[in-house]
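Student: can you look at this prediction? I've put the sequence above it.
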Amino acid sequence: MKTNYSQHDDVKKLLEISCGLHSEGGDARFKQIMHRLVSDLCHLIDEFDVTPEEFWQAANYLHTLGGRQEAALLAAGLGLEHYLDMREDAREAEAGFGGGTPRTIEGPLYVANAPLSDGYARMDDGKDDGRVMWLHGQVKDTDGQPLAGAVVDIWHANTLGNYSFFDKSQGEYNLRRRVRTDAEGRYAVRSIVPSGYGCPPDGPTQALLDRLGRHGNRPAHIHFFVSAPGHRHLTTQINLNGDRYLWDDFAFATRDELIAEPVKITDPTISAKRDLPHPHTEIEFDFTLTPATQAHEEQRIQRARALQE
Ligand code: FE
């Protein structure tokens, strides 16, 4: 027999009290959201006849998730971070904005205040013997005009799929740089071709994915924040073509317009001109920023990050 205890009057009253609906203080919007959340949870417990053992297993899972600082990783894996992007895309389309490089998820591994330089930077410390990468492109507005002085903030993993700061074996800000575009809106960096990576295999995100019958892998990718005065801040990534997980990203970040083609440069004169070892891999990617209508749109969203700016 289907139970519906959560609809009993005494349960409804309990949840109104527990979520502060009859209390003077607190935050009205927060109370409404909590009340919906807890009510839906009780409804779910009814619907699936969740046992006390299962309930406490879930509570303990949250302890583990927090202890490992994987809540943001799980949000990406469950598609919730991509859902926020889909929602923003739809809102912008309704408002008539568009024409820029698409956004995609930030992920949980950005570190603020990477070294800033003009036009060019070397991102790697020379200790990773991965393939040398020349990554370059132009930042433009929606009329195709170059944006000089735009800041291209780049971060990516090493050949083991690890990020500096979180991976203490790498030096500070390794594979993290900010480059200000030149008069033609151009940026260029020397780095190494990153590898894809997976969720920590012993962590709570992977444990949950296992129970969903899913893997926790991402294709090789490079993260970007791109910003310029008067333009909407862009949070995005490029995914490297040829990766087996390109269209099977556990975090759902791949988009048609964000696939970059790694090209092996076999002409030694090009390597010499760039003062790079020969041969090397070139990735070219341009960005288009859309005009901002309000000052706050020029900034990245506020969220807790490593090393707050
Ligand atoms: Fe990443």
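Tutor: Looks like it came in fine. Residues are numbered from 1 along each chain as shown.

Student: which other residues reach stretch 14-32?
Tutor: With contacts defined as CB atoms under 8 Å, 6 or more residues apart in numbering, stretch 14-32 is touched by 34, 35, 38, 39, 42. C-betas here are computed from N, CA, C, even on glycine.

Student: just give me the closest of these to residue 170.
Tutor: Sorting the contacts of stretch 14-32 by distance to residue 170 puts residue 34 at the head of the list, at 40.4 Å, by CB to CB.

Student: could you check how far the residue nearest to the closest one when sequence neighbours are not counted is from residue 8?
Tutor: Spatially, and ignoring its direct neighbours in sequence, residue 34 is nearest to residue 19 (4.6 Å; CB to CB, 6 or more residues apart in numbering). Between residue 19 and residue 8 the distance is 17 Å, computed by CB to CB, to the nearest Å.

Student: between those two, which is the more surrounded one?
Tutor: With neighbours defined as other CB atoms under 10 Å, residue 19 and residue 8 compare such that residue 19 has more, 20 against 11.

Student: could you measure from the more buried one over to residue 58?
Tutor: Using CB to CB, one gets 19 Å for the distance from residue 19 to residue 58.

Student: picking that back up, distance to residue 118 and secondary structure for the contacts of stretch 14-32 - can I get that in JSON lines?
Tutor: Shown next, in JSON lines, are the contacts of stretch 14-32 (distance: CB to CB, whole Å; DSSP: H, G, I helix; E, B strand; the rest coil):
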{"residue": "34", "distance to residue 118": "48", "secondary structure": "helix"}
{"residue": "35", "distance to residue 118": "52", "secondary structure": "helix"}
{"residue": "38", "distance to residue 118": "53", "secondary structure": "helix"}
{"residue": "39", "distance to residue 118": "55", "secondary structure": "helix"}
{"residue": "42", "distance to residue 118": "57", "secondary structure": "helix"}
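
Student: and the two most separated of these?
Tutor: So, those by CB to CB: farthest apart are 34 and 42, at 12.5 Å.

Student: list the buried residues for the helix or strand containing residue 74?
Tutor: Counting by DSSP states H and E, the element that carries residue 74 is helix 71-77. By neighbour count on 16 or more other CB atoms under 10 Å, the buried set for helix 71-77 is 72, 73, 74, 75, 76, 77.

Student: now for it, which elements pack on it?
Tutor: With contacts taken as 3 or more CB pairs under 8 Å, 6 or more residues apart in numbering; DSSP states H and E, helix 71-77 sits against helix 80-95, helix 204-211.

Student: helices and strands around the longest one, which ones?
Tutor: Other helices and strands packing on helix 80-95, by 3+ CB pairs under 8 Å, 6+ apart, are helix 71-77.

Student: hmm, try it at 10 Å
Tutor: Contacts defined by 3 or more CB pairs under 10 Å, 6 or more residues apart in numbering; DSSP states H and E place helix 80-95 against helix 71-77, strand 234-240.

Student: could you pull out the helices for the chain?
Tutor: Secondary structure of the chain (DSSP state H): helices located at 9-18, 28-48, 52-67, 71-77, 80-95, 204-211, 268-273.

Student: now render those helices as TSV, adding mean pLDDT and distance to residue 186.
Tutor: Output for the helices of the chain, formatted as TSV (pLDDT from 0 to 100; distance: least, CB to CB, whole Å):
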stretch	mean pLDDT	distance to residue 186
helix 9-18	98	57
helix 28-48	97	45
helix 52-67	98	42
helix 71-77	97	31
helix 80-95	95	27
helix 204-211	98	38
helix 268-273	96	15
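
Student: most tightly packed of these?
Tutor: helix 71-77 (a mean of 20; mean count of other CB atoms under 10 Å).
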